[in-house]
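**Q** 3D, please:
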Amino acid sequence: MAGKSIFLRDTREKLTESFKILKRKIALDVFTKKGVNDKFNDLAIQISKELAELTDKIETRLHDIGGKASEQYKVSRSPTILIDPENYQISYTGAPAGEEMRSFIQSIIMASTDNSSLSKSSKERLAALKEKRHIQVFVTPTCPYCPQQALYAIAAAIEKKDMISAEVVETFENQDLAQKYNVASVPQTMIDGKVTGIGLQSEDKFISELLGFPPEEVAIKKEAKEITEVDVVIIGAGPAGLTAAIYAERGGLKSVVLEKANIGGQVAITPIVENYPGFTRIPGKALMEMIAQHAMKYTSIRQGEEVLEIKLHHPFEVITAKGKYLTKAVILATGAVHRRLDVPGEQRLFGRGVSYCTTCDGYFYKGKKVIMVGGGNSAVAEALHLDSLGVQVTLVHRRDSLRAEARLQESLFNRKIPVLWNSRVKEIMGEKVVTTVKIENIKEETTKEYPVDGVFVSIGYEPSNLLAKKLDIELDENGYIKVDRHQRANIPGIYAAGDITGGVKQIVTAVGEGATAALATFEDISSPYWKT
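**A** Next up, the predicted model:
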């Protein structure tokens with residue numbers, strides 16, 4: 001790796017600009033042991049050194065495991081990076097490559113500025129913590145959900161530095177730890193050695209788990225919050241929401257995008273997109289990063305901020321745990337979530353062999369046997385992705401023909417990926433992890449048990465319509481928001497775009513609906529149709 005920079009020139013320029021807000025000089029202490037994870041040791045050292053070259057506010061210090069510093073900070077795993085260890089208990093166990101580079105950069109900024117970026121309510125709740133906590137978040141380089149969950153842990157360690165330590169564990173570099181805690185899906189969060197969450201949580205749920213409280217819906221407090229006035233609030237940062245923001249701002253409307261989970265939505269976890277105009281083949285994550293970067297030139301995207309309530313008066317009040325937004329219009333681009341099989345064992349073994357994201361969890365099953373349930377584009381594309389990773393995958397489909405595009409089917413058959421036709425999963429079995437699936441042949445009316453290590457599910461989507469239901473927005477029989485050709489819902493000033501409206505669930509249609517909704521918003525604010 002010597003002589004070749006990890007970061008491209010434009011990335012270095014962006015990082016240099018981002019690091020201008022650093023206040024205190026902080027150290028990145030890198031601990032390594034020769035002969036253990038050597039290629040990752042080199043990567044951790046190079047990442048830390050190159051970041052230090054971009055600003056005088058970062059110093060890189062190298063240590064051998066077994067030396068005085070490793071004993072002082074109780075570091076035993078190679079590589080490990082401590083961030084500002086004189087002030088905080090923040091560690092990356094493993095080189096922060098891939099997706100986790102995002103949280104690593106943000107952690108440096110948070111430590112140097114002594115700013116956790118937590119909401120006021122989260123800070124108030126953490127102030128009451130009287131017992132020490134050690135948080136571990138298991139991640140992988142390809143998981144788009146992991147960085148935000150890791151940042152919650154790090155933010156807590158910054159906010160309550162004497163009581164909380166945060167460790168981000170790179171799973172593949174620490175497979176013994178992953179096996180010890182049965183990590184089969186990421187992000188997996190552990191507090192004091194106990195699993196408290198699998199998947200990306202909201203900030204409020206994470207804080208509740210940290211404090212030892214049962215998960216509960218966040219109460220909407222009546223006291224004054226930070227108030228932001230905009231022309232349009234866009235809820236959801238998938239292709240529809242991001243496009244709506246671009247068109248709204250270009251039309252002269254001040255906007256903000258609120259996203260409770262990951263930027264990019266379902267597309268961000270799609271291994272390969274082959275039908276988006278202009279790209280014959282592009283990873284879904286890369287496509288959404290391009291769209292997000294475009295949108296960020298115009299608008300503010302606030303990730304990890306969940307909308308709790310919308311009050312229907314003019315201006316609308318959009319309320320989150322972090323603040324209140326007064327707005328003339330709302331565009332709902334909340335998308336859809338994976339449909340579940342609803343069979344015995346599915347919920348119990350989620351994160352223990354049951355997964356809905358091959359991008360996040362596929363690498364756990366290299367050389368192992370899994371099934372992929374479904375027959376559409378997503379199921380076939382993800383089966384191909386698993387096969388590319390070296391996973392022994394079998395497709396299970398309830399019909400005798402696939403719904404996927406001809407090109408995808410051709411690839412599936414060319415690779416000789418087995419298909420169980422006319423079959424459905426009846427039960428997922430295993431005590432601690434998935435070991436067996438019970439599959440029924442619908443045509444022959446027979447049931448057989450198959451030994452497998454994992455079950456991936458891709459059988460379609462269900463609309464994320466909780467906000468729409470709270471507002472009594474008119475929905476169709478499947479729960480999707482009903483809109484007119486201008487993407488208007490039945491409530492004046494409320495619009496919807498993307499998968500939440502049903503129909504053809506494709507990136508191109510989501511982008512088109514987002515643009516249409518933004519243009520309609522501009523027209524209706526200028527000349528309200530409901531008044532004429």
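
**Q** Now do the buried residues in stretch 128-135.
**A** For stretch 128-135, burial by neighbour count (16 or more other Cβ atoms under 10 Å) applies to 129, 133, 135. For the C-beta atoms, the positions are set from N, CA and C on the backbone; glycine is no exception.

**Q** from those residues, which single one is nearest Gln293?
**A** Nearest to Gln293 among these is Ile135, at 30.4 Å by Cβ to Cβ.

**Q** low-confidence ranges in this protein?
**A** Applying pLDDT under 70 to the chain flags the ranges 1-3, 214-225, 532.

**Q** what's the domain layout of it?
**A** Per automatic domain parsing, the structural domains of the chain span 9-211, 227-337+462-531, 354-457.

**Q** Export those domains as TSV, with columns for distance to Gln347.
**A** Converted to TSV, the domains of the chain look like this (distance: least, Cβ to Cβ, whole Å):
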stretch	distance to Gln347
domain 9-211	11
domain 227-337+462-531	14
domain 354-457	8
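
**Q** Relative to Gly345, which of the ones you listed is closest?
**A** domain 354-457 (3.5 Å).

**Q** Just give me the neighbour total for Arg403.
**A** By other Cβ atoms under 10 Å, the residues close to Arg403 number 15.

**Q** Skipping adjacent residues, who's closest to Asn41 in space?
**A** Of all residues not flanking Asn41 in the chain, Thr32 sits nearest, at 4.0 Å (Cβ to Cβ, 6 or more residues apart in numbering).

**Q** Please enumerate the strands of the stretch 51-200 of the chain.
**A** Secondary structure of the stretch 51-200 of the chain by DSSP state E, counting those that start in this stretch: the strands cover 58-64, 80-83, 90-93, 133-139, 164-170, 188-191, 194-198.

**Q** So which residue is smack in the middle of the protein?
**A** Tyr145 (2.4 Å; Cα atoms, centre = their mean).

**Q** That residue touches Gln201, doesn't it?
**A** No - using Cβ atoms under 8 Å, Tyr145 is not in contact with Gln201, being 9.7 Å away.

**Q** any idea which of the buried residues of stretch 128-135 is the one closest to Lys324?
**A** The closest of the buried residues of stretch 128-135, once distances to Lys324 are taken by Cβ to Cβ, is Leu129, at 26.8 Å.

**Q** wait, isn't that closest one in contact with Ile164?
**A** Yes - when contacts are counted by Cβ under 8 Å, Leu129 is listed as touching Ile164 (7.5 Å).

**Q** Need the overlap of contacts for those two.
**A** Here Leu129 and Ile164 have Leu210 as joint contacts, going by Cβ atoms under 8 Å, 6 or more residues apart in numbering.

**Q** what packs against the helix or strand harbouring Asn41?
**A** Using DSSP states H and E, Asn41 sits in helix 38-52. Identification of packing neighbours for helix 38-52 by 3 or more Cβ pairs under 8 Å, 6 or more residues apart in numbering; DSSP states H and E yields strand 26-32, strand 58-64, strand 80-83, helix 100-113.

**Q** Would you mind pulling up the elements that the longest one packs against?
**A** The helices and strands touching helix 100-113, judged by 3+ Cβ pairs under 8 Å, 6+ apart, are helix 9-18, strand 26-32, helix 38-52, strand 80-83, strand 90-93, helix 146-159, strand 164-170.

**Q** most residues in a single helix of the chain, which one?
**A** helix 507-526 (DSSP state H).

**Q** That one: which residues count as buried?
**A** Buried, per 16+ other Cβ under 10 Å, within helix 507-526: 507, 509-522, 524-525.

**Q** now stretch 385-402
**A** Neighbour count says stretch 385-402 has 385-387, 389, 391-398, 402 buried, by 16+ other Cβ under 10 Å.

**Q** From the rest of the structure, what touches that stretch?
**A** Taking Cβ under 8 Å, 6+ apart as the rule, stretch 385-402 contacts 271-272, 358-359, 362-363, 365-376, 379-380, 383, 409, 412, 415, 417-425, 439, 442-443, 450, 456.

**Q** picking up where we left off before, okay if I get the strands of the stretch 51-200 of the chain as CSV plus distance to Asp38?
**A** As requested, the strands of the stretch 51-200 of the chain are exported to CSV (distance: least, Cβ to Cβ, whole Å):
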stretch, distance to Asp38
strand 58-64, 13
strand 80-83, 14
strand 90-93, 16
strand 133-139, 21
strand 164-170, 15
strand 188-191, 26
strand 194-198, 31
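
**Q** Ser5 against Leu51, yeah?
**A** No - the criterion here is Cβ under 8 Å, and Ser5 misses it with Leu51 at 11.3 Å.

**Q** Between those two, which is the more surrounded one?
**A** Between Ser5 and Leu51, Leu51 has the larger neighbour count (other Cβ under 10 Å), namely 21 against 12.

**Q** how about the nearest residue to that one, chain neighbours excluded?
**A** Spatial nearest neighbour of Leu51, chain neighbours left out: Ile58 (5.6 Å); criterion: Cβ to Cβ, 6+ apart.

**Q** Kindly report the same for Lys23.
**A** The nearest residue in space to Lys23 (Cβ to Cβ, 6+ apart) is Thr113, at 5.1 Å.

**Q** Against Arg24, how distant is the one you found?
**A** The gap separating Thr113 from Arg24 is 8 Å, by Cβ to Cβ, to the nearest Å.

**Q** Of the two, give the one with the bigger neighbour count.
**A** Thr113 (15 against 11).

**Q** what sits against the more buried one?
**A** By Cβ under 8 Å, 6+ apart, the residues touching Thr113 are 21-24.

**Q** mind redoing it with 7 Å?
**A** The neighbourhood of Thr113, defined by Cβ atoms under 7 Å, 6 or more residues apart in numbering, consists of 21-23.

**Q** do the same with Thr446
**A** Shown in contact with Thr446 (Cβ under 7 Å, 6+ apart): no residues.

**Q** can you pull up the bridge partners for it?
**A** Here Thr446 sits in beta bridges with Asn441, going by DSSP bridges.

**Q** Can you tell me the closest non-neighbouring residue to Ser119?
**A** Nearest one to Ser119, counting by Cβ to Cβ, 6+ apart, is Lys322 at 4.3 Å.

**Q** What does the one you found show for phi and psi?
**A** phi -100, psi -20 (degrees, to the nearest 10).

**Q** circling back to that earlier point, are any of the contacts of Thr113 buried, and which?
**A** Those of these that meet the buried threshold are Leu22, by 16+ other Cβ under 10 Å.

**Q** Now tabulate the contacts of Thr113 in CSV and tack on secondary structure and distance to Glu462.
**A** Listed next are the contacts of Thr113 as CSV, based on DSSP: H, G, I helix; E, B strand; the rest coil; distance: Cβ to Cβ, whole Å:
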residue, secondary structure, distance to Glu462
Ile21, helix, 41
Leu22, coil, 43
Lys23, coil, 45
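
**Q** ok, the contacts of Thr113 vs Asp64, which is closest?
**A** Nearest to Asp64 among the contacts of Thr113, with distances taken as Cβ to Cβ, is Leu22, at 27.9 Å.

**Q** That closest one touches Glu59, doesn't it?
**A** No - taking Cβ atoms under 7 Å as the definition, Leu22 is not a contact partner of Glu59, at 11.7 Å.

**Q** what about stretch 428-435, start to end distance?
**A** By Cα to Cα, to the nearest Å, the extent of stretch 428-435 from end to end equals 8 Å.

**Q** For that stretch, list every residue counted as buried.
**A** Buried residues in stretch 428-435 (16+ other Cβ under 10 Å): 428-430, 434.

**Q** for those, which one is nearest Glu170?
**A** Distances from Glu170 to the buried residues of stretch 428-435, taken by Cβ to Cβ, are shortest for Val434, at 23.4 Å.

**Q** which non-adjacent residue is nearest that closest one?
**A** Gly353 (2.7 Å).

**Q** Please give me every residue in contact with that neighbour.
**A** By Cβ under 7 Å, 6+ apart, the residues touching Gly353 are 184, 430, 433-434, 453-455.
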